[in-house]
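Participant: Predicted model and sequence follow; I will ask about them next.
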Amino acid sequence: MFNIKQSLEQLMSSAIDQASGLSGTKGHVIYATRAEFGDYQANGVMAVAKQLKTNPRELASRVLENIPANDLIARAEVAGPGFINLFLRDAYLAQWGSHYAQPRSPLIQAVPEPQTIVVDYSSPNLAKEMHVGHLRGTIIGDCLVRVLEACGHNVVRQNHVGDWGTQFGMLIAHMASLESANAQVSTELADLENFYRQAKQRFDDEEGFAETARSYVVKLQQGDPDCLNAWQSFIDESLGHCESVYKLLGVTLRREDLKPESFYNPELANIIQALDDKGLLSVSEGARCVFLEQFKGKEGAPLPTIVQKSDGGYLYATTDLAAAQYRAKTLHADRVLYVVDARQSLHFQQIFAIARIAGFAPESCSLEHIAYGMMMGEDGKPFKTRSGDNVKLIDLLDESVRRAHVIVSEKNPDLDIESRDEIAAVVGIAAVKYSELSKNRTSDYVFDWGTMLSFEGNTAPYMLYAFARIKSILRRQESEINVNAQIQLEASEERNLLIKILQFPEAVHVVSIDGFPNYLCSYLYDLAGIFMRFYEACPVLKAEPEIRDSRLKLVELTAKTLGRGLELLGLETLEKM
Ligand code: ARG
């Protein structure tokens, strides 16, 4: 794997080991913050000096003498209280650049030890249509699976849709009564949101309806065939809605990735039994619960995780325990990523803790909540329609494409209508996705059409435009490209650009570990900016043939890197804009 940072870290660790007589020390290499500090900076010496109670600058100079022979580092010097500034060798960078530029070079190489990584994402509740609340999880999750796959991991997508429980009894009861009144149920279901609203209203207001609904839940859970049929046709309809959203969004979830809540139903009694066998169950107000020391509610009162209601019904938590076990033991996951709303954070802390104690998921299986914040309207309140309803995802996406169309038409009034349609479709969707991905996922963020559709700043239109522009530079010079050209680093702008390109695998690697797509967005945004500075400072076509060939290579490499990066974010790109 060619990862400059990792290679430097290895070199520095081994140098620190040698110089200190310890073993397994960490190099801690970071990007240098100023050009005079070199390209990277190693600051692992300080911790070791502290541990050995020795002078850090002295240790650092001994470390310099012990750096193993290598082609990567041109020069290393001690700085400040004991940092080591590292300057990379141009010839080495150029060689790697040429290697990267080869048509079949993948840019990102597979990790030496691929893991099985389960990613639970999107996972809407099928009782209603997908709304804006599902946007972040769906988009972030889809970026993460792409990144993890690019790193060579075995990725198992799991769409843990909610398809079970009380709400479905209500919906089936509504369906059944429509059917007996000879209404066209399929037309009614075309607007699921409306269907749900009607059912809910009857549930709340109509005499006897709630009872019927509850009896349907029982029948459903007992496996009554008619009831199951009705349920199945509802689920199919609802999945159809999800799939049209996925298609529009370019999300890679397929039917075979579905592992709905109902899938775990047969396991739930065993989960309760297993908890009981371990002595973890207590009964509180008739419900079966697990109490753990570390979870306390108001005024230190013990906080339960309810796993079975007094009427025998199971809960969201029970299903999640079964899912954790399935993922650890049947799918053999090394990591399970739960890309779910931050408001469920306590739920997952409880699930993870119980799964460990009860032995559903061993320590070797890492359980990680990839939490994300809420989407707010411009008024700072949760994003809703004027009437206070949830905004349907499909409507939001249509609106974005419509707005992109207006902007594209303003910018290119002479463009034919097909091209405008095509550009608007790509930009509209990319704008929504990129504005989610480019923000730190843990914070709430304000949804704002103006910013996300702007051609300036860290936005989808800017990124897509930069990519199309680079592609057009290449198109104009296609016949001139010399495949055997060597990269030469004369100007600092060339060197900066090449180093940035070679840092692409590092950025992708970081995302694969931490699960923050905004890191990749920032990287790509910086890359686009560094490219623009290069292109202003370094003429391509007018340069001497050798230099021109080398610069064309850099342009080509930028296009390749940016294109791959945008693909990992799940953005479609345009050759012309
Ligand atoms: N269906 C749930 C919701 O809409 C999300 C499920 C997330 N995954 C899980 N394993 N709990 O809130």
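Facilitator: Arrived safely, thanks for sending.
Participant: Show me the shaky parts of the stretch 251-400 of the chain.
Facilitator: Of all residues in the stretch 251-400 of the chain, none has pLDDT under 70.
Participant: what does it put close to the ligand?
Facilitator: Residues of the stretch 251-400 of the chain that fall close to the ligand, judged by Cβ under 6 Å from any ligand atom: 320, 323, 338, 340. Every C-beta, even on glycine, is put in place using the N, C-alpha and C of the backbone.
Participant: Recalculate using a threshold of 5 Å.
Facilitator: Within the stretch 251-400 of the chain, the positions adjacent to the ligand are Val340 by Cβ under 5 Å from any ligand atom.
Participant: What residues are bridge-paired with the closest residue to the ligand within the stretch 251-400 of the chain?
Facilitator: Closest residue of the stretch 251-400 of the chain to the ligand, Cβ to the nearest ligand atom: Val340 (4.5 Å). Beta bridges link Val340 to Ala371, judged by DSSP bridges.
Participant: That one - how many residues pack around it?
Facilitator: Neighbour count for Val340, taken as other Cβ atoms under 10 Å: 22.
Participant: just checking, it touches Leu346?
Facilitator: No. In this structure Val340 lies outside contact range of Leu346 using Cβ atoms under 8 Å: 11.8 Å.
Participant: Which pLDDT does the model give Met1?
Facilitator: Met1 is assigned a predicted lDDT (pLDDT) of 49.
Participant: on that earlier part again, what's the residue of the stretch 251-400 of the chain closest to the ligand in contact with, if anything?
Facilitator: Contact analysis of Val340 by Cβ atoms under 8 Å, 6 or more residues apart in numbering lists 120-121, 123, 137, 348, 369-372.
Participant: Serialize those residues to a markdown table and add fields for distance to Pro68 and neighbour count.
Facilitator: Putting these into a markdown table (distance: Cβ to Cβ, whole Å; neighbours: other Cβ atoms under 10 Å) gives the following:
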| residue | distance to Pro68 | neighbour count |
| --- | --- | --- |
| Asp120 | 43 | 24 |
| Tyr121 | 42 | 27 |
| Ser123 | 48 | 24 |
| Gly137 | 45 | 23 |
| Phe348 | 43 | 21 |
| His369 | 40 | 21 |
| Ile370 | 37 | 22 |
| Ala371 | 41 | 18 |
| Tyr372 | 42 | 26 |
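Participant: Kindly indicate which of the residues you listed lies nearest Tyr519.
Facilitator: Minimum separation from Tyr519 among the contacts of Val340 (Cβ to Cβ) is found for Ile370, which lies at 13.3 Å.
Participant: What is the host helix or strand of Gln349 packed up against?
Facilitator: Per DSSP states H and E, Gln349 falls inside helix 345-357. The helices and strands touching helix 345-357, judged by 3 or more Cβ pairs under 8 Å, 6 or more residues apart in numbering; DSSP states H and E, are strand 287-296, strand 302-308, helix 316-325, strand 366-372.
Participant: what sits up against that helix?
Facilitator: By Cβ under 8 Å, 6+ apart, the residues outside helix 345-357 that reach it are 275, 278, 280, 290, 292, 294-295, 305, 316-317, 320-321, 324-325, 328, 338, 340, 360-363, 367, 369, 371.
Participant: quick one: that helix to strand 366-372, angle?
Facilitator: 180 degrees (axes from the mean of the first three to the mean of the last three Cα atoms, to 10 degrees).
Participant: For helix 345-357, list every residue counted as buried.
Facilitator: By neighbour count with 16 or more other Cβ atoms under 10 Å, helix 345-357 contains the buried residues 347-355.
Participant: Let's verify Ala361: helix, strand, or coil?
Facilitator: When classified by DSSP: H, G, I helix; E, B strand; the rest coil, Ala361 comes out as coil.
Participant: Let me see the contact set for it.
Facilitator: Contact analysis of Ala361 by Cβ under 8 Å, 6+ apart lists 324-325, 327-329, 336, 352, 355, 367.
Participant: After the lowest-mean-pLDDT helix or strand in the chain, which helix or strand is next?
Facilitator: Lowest by mean pLDDT, DSSP states H and E among the helices and strands of the chain is helix 185-189, with a mean of 77. Where DSSP H and E defines the elements, the next helix or strand beyond helix 185-189 is helix 192-205.
Participant: I'd like to know which elements that next one is packed against.
Facilitator: Counting by 3+ Cβ pairs under 8 Å, 6+ apart, helix 192-205 packs on helix 166-180, helix 185-189, helix 209-222, helix 225-249.
Participant: Measure how far the longest one is from the centre of its chain, please.
Facilitator: Spelled out, it's helix 225-249. Put simply, helix 225-249 sits 25 Å off its chain's centre (Cα atoms, centre = their mean, to the nearest Å).
Participant: going forward, begin numbering at 55 instead of 1
Facilitator: All set: I'll call the first residue 55, so the last point we hit is now helix 279-303.
Participant: elements contacting that helix?
Facilitator: The helices and strands touching helix 279-303, judged by 3+ Cβ pairs under 8 Å, 6+ apart, are helix 189-204, helix 220-234, helix 239-243, helix 246-259, helix 263-276, helix 447-465, helix 471-491.
Participant: Need the winner for burial among those helices.
Facilitator: Ranked by mean neighbour count under mean count of other Cβ atoms under 10 Å, those are led by helix 189-204, which reaches a mean of 24.
Participant: Also compute the angle for it relative to helix 447-465, please.
Facilitator: Orientation check (the same axes, to 10 degrees): helix 189-204 against helix 447-465 gives 80 degrees.
Participant: and helix 189-204 with the ligand, contact?
Facilitator: No. Helix 189-204 is not in contact with the ligand by Cβ under 5 Å from any ligand atom; minimum separation 7.8 Å.
Participant: Give me the phi and psi angles of Val594.
Facilitator: The phi/psi pair for Val594 (degrees, to the nearest 10) reads phi -100, psi -60.
Participant: list the contacts for it?
Facilitator: Val594 neighbours (Cβ under 8 Å, 6+ apart): 527, 531, 602, 605-606, 609.
Participant: What is the most widely separated pair among these?
Facilitator: Once Cβ to Cβ is applied, the contacts of Val594 give Ile527 and Arg602 as the farthest pair, at 12.3 Å.
Participant: Give me every residue in the stretch 155-304 of the chain that's in contact range of the ligand.
Facilitator: The stretch 155-304 of the chain has residues 174, 177, 179, 214, 216 near the ligand, with proximity defined as Cβ under 5 Å from any ligand atom.
Participant: Having no further points to raise, I will conclude here.
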